[in-house]
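[1] Return a 3D structure for these sequence lines:
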Amino acid sequence: MQAATTSYSEQEVSCICESLFNEGLQTGRTEQLTHFLWTLPDHLKCHESALKAHALVLFSQQQWKQLYRLLETHKFSPHNHPVLQDLWLRAHYTEAEKTKERELGAVCKYRIRKKNPFPATIWDGEETNYCFKSKSRNVLRDAYKKQAYPSVEDKKRLAAQTELTVTQVSNWFKNKRQRERAAGTLEK
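    Next comes the predicted model:
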């Protein structure tokens, strides 16, 4: 079996892993991905796309300890962090649901997130609050101190700087002005 995939280049293996990963993520079926990973030579199994694919296989097989170990011991690129963080949380939630034999409520999920923070290998370490990273909120706060009503150009610049959309920036300013008005600290 191994001889069939040794003719693939690293780039081709990466492409196949990504494609099968996305299919497995959408359908929940990972048999093809499992078989493909099994046929890979060892030197290709340690590439990021293969490791990410292996994480999905471990998740689908409910091999929680192996999944956690894989995610904790291999550094992943930031563009892969969101999907791997999702696997990390879903694994912890599913494991807890099986133990408790019931669905988890919001409070239980919150406690699980606090008890099992993301490993540094799939997280940049920056806290996210209301979907905005603290660095982004600080940039917006500084801009707000200078100008509570930024121009469209300013909003575009801030969006690029914070990796948010212009709509998110606009809404942040609108909400901030509303909160300031409610607190009686906004000058009109």
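[2] care to break this protein down by domain?
    The chain breaks down by automatic domain parsing into domains covering 1-61, 65-125, 129-183.
[3] Mean neighbour count, the ones you listed: which tops it?
    By mean neighbour count, with neighbours taken as mean count of other Cβ atoms under 10 Å, domain 1-61 ranks first of these at a mean of 16. (Each C-beta comes from the backbone N, C-alpha and C, glycine too.)
[4] avg pLDDT for that one?
    Per-region confidence: domain 1-61 scores 90 on mean pLDDT.
[5] how far does it sit from the chain's center?
    Chain-centre distance of domain 1-61: 20 Å, with Cα atoms, centre = their mean, to the nearest Å.
[6] what helix or strand is the most centrally placed residue in the chain on?
    Closest to where the C-alpha atoms of the chain average out (Cα atoms, centre = their mean) is residue 82, at 1.1 Å. For residue 82, the host element (DSSP states H and E) is helix 81-100.
[7] cool, and residue 117?
    Residue-wise, residue 117 maps onto no helix or strand under DSSP H and E.
[8] what sits against it?
    Contacts for residue 117 (Cβ atoms under 8 Å, 6 or more residues apart in numbering) come out as residue 123.
[9] now the helices: where do they sit in this protein?
    Assigned by DSSP state H, the helices in the chain fall at 2-5, 10-27, 31-39, 42-45, 48-60, 64-73, 81-100, 106-115, 134-146, 152-162, 166-183.
[10] Figure out which of those helices is closest to residue 124.
    Nearest to residue 124 among the helices of the chain is helix 81-100; the distance by Cβ to Cβ comes to 7.1 Å.
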